[in-house]
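Enquirer: After the sequence you'll find the predicted model.
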Amino acid sequence: MASIIVRGLDESVKAQLAAQAQAHGRSMEAEVRDILTRAARRPHIGLALMEAARHADLAADLPVPARSDVARAVEFE
């Protein structure tokens, strides 16, 4: 099994994770493992909808609008 280290985690986040872990009756490591596993396995809703449309033979009829927006740098003043 792989291991990761998370540096720079805010103390309030760590405290919240500890409280969640205690509420769920498990270690903080097990709590974080569960959170990361569920987040990684969650489907992307846009891709899931497009796949469903493809299976229903509806994707070919979906228009893809041209993008008119232009990326621009943020100006901090």
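Expert: It's in. Numbering: from 1, shown residues only.

Enquirer: what are the ranges of the helices in the chain?
Expert: Here the chain has its helices, by DSSP state H, at 11-23, 28-41, 45-55.

Enquirer: out of the ones you listed, nearest to residue 76?
Expert: Distance to residue 76, taken as CB to CB, is lowest for helix 11-23 among the helices of the chain, at 25.9 Å. Bear in mind the C-beta positions are built from the backbone N, C-alpha and C, glycine included.

Enquirer: re the thing from before, and the helices of the chain: which comes nearest residue 1?
Expert: Closest to residue 1 of the helices of the chain, according to CB to CB: helix 28-41, at 9.4 Å.

Enquirer: Which neighbouring elements make contact with that closest one?
Expert: Contacting helix 28-41 under the criterion 3 or more CB pairs under 8 Å, 6 or more residues apart in numbering; DSSP states H and E are the following elements: helix 11-23.

Enquirer: angle of the helix it packs on against helix 28-41?
Expert: Orientation check (axes from the mean of the first three to the mean of the last three CA atoms, to 10 degrees): helix 11-23 against helix 28-41 gives 100 degrees.

Enquirer: Helix 11-23: how far from the chain's middle?
Expert: Mean-position distance between helix 11-23 and its chain equals 19 Å (CA atoms, centre = their mean, to the nearest Å).

Enquirer: Please apply the same query to stretch 49-69.
Expert: The chain centre lies 23 Å from the centre of stretch 49-69; the measure is CA atoms, centre = their mean.
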